[in-house]
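S.K.: Sequence and predicted structure are below.
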Amino acid sequence: MTTLALAGIKFSEQLIPLGVTLLADTALLKRHSTIDPGRGAKNAFESIASYIAAEQRIGRINPRVRPVRAAMLLFGPCFHRVFIRQVIGRSLFDTSDRAFAGELASTIMRGLSVSGTLR
């Protein structure tokens, strides 16, 4: 999960500048809205969800967890971290991306685990 969170941070670093460009140009945004919605960010959520589903099959994640929703819980904070850093020029909290990703993954895994504890 830490690796996935780090990948989410790196993906967001590339995604946010593109998104800002789209939002700044209404004609470009309208043209972009016709592109297949199955590409881009949706693929990121589905890739993370596939990993979570695999963890469910081997019993490490509660089977009642909805993989795509759990993927959103992981990716959202990564996106937000990068967004804030790009807007204000620094992270809000004095921690490396690796430490942030590890703490985020650990917190989410506690909530997703079958027993509520880390394995």
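M.R.: Great, that's in hand.
S.K.: C-alpha only now, for contacts and for neighbours.
M.R.: Will do.
S.K.: pretty sure Ser12 contacts Val82?
M.R.: Yes. Using C-alpha atoms under 8 Å, Ser12 makes contact with Val82 at a distance of 6.3 Å.
S.K.: Quick one: low-confidence residue ranges for the chain.
M.R.: Scanning the chain for pLDDT under 70 picks out 36-41, 116-119.
S.K.: hmm, try it at 90
M.R.: 1, 15-48, 55, 60-64, 92-94, 108-119 (pLDDT under 90).
S.K.: does the residue lying farthest from the centre of it count as helix, strand or coil?
M.R.: In terms of distance from the mean C-alpha position of the chain, Ala27 ranks first, at 28.0 Å (C-alpha atoms, centre = their mean). At Ala27 the chain is in helix, as set by DSSP: H, G, I helix; E, B strand; the rest coil.
S.K.: Asn62 too?
M.R.: coil.
S.K.: Going by neighbour count, list what's buried in stretch 50-62.
M.R.: Within stretch 50-62, the residues scored as buried using 16 or more other C-alpha atoms under 10 Å are 52-53, 55-56, 60-62.
S.K.: hmm, back to that, quick check: the residue farthest from the centre of the chain vs Thr21, distance?
M.R.: Separation of Ala27 from Thr21 (C-alpha to C-alpha, to the nearest Å): 11 Å.
S.K.: Could you do Val65 as well?
M.R.: Relative to Thr21, Val65 is positioned 35 Å away (C-alpha to C-alpha).
S.K.: Great, nothing more from me.
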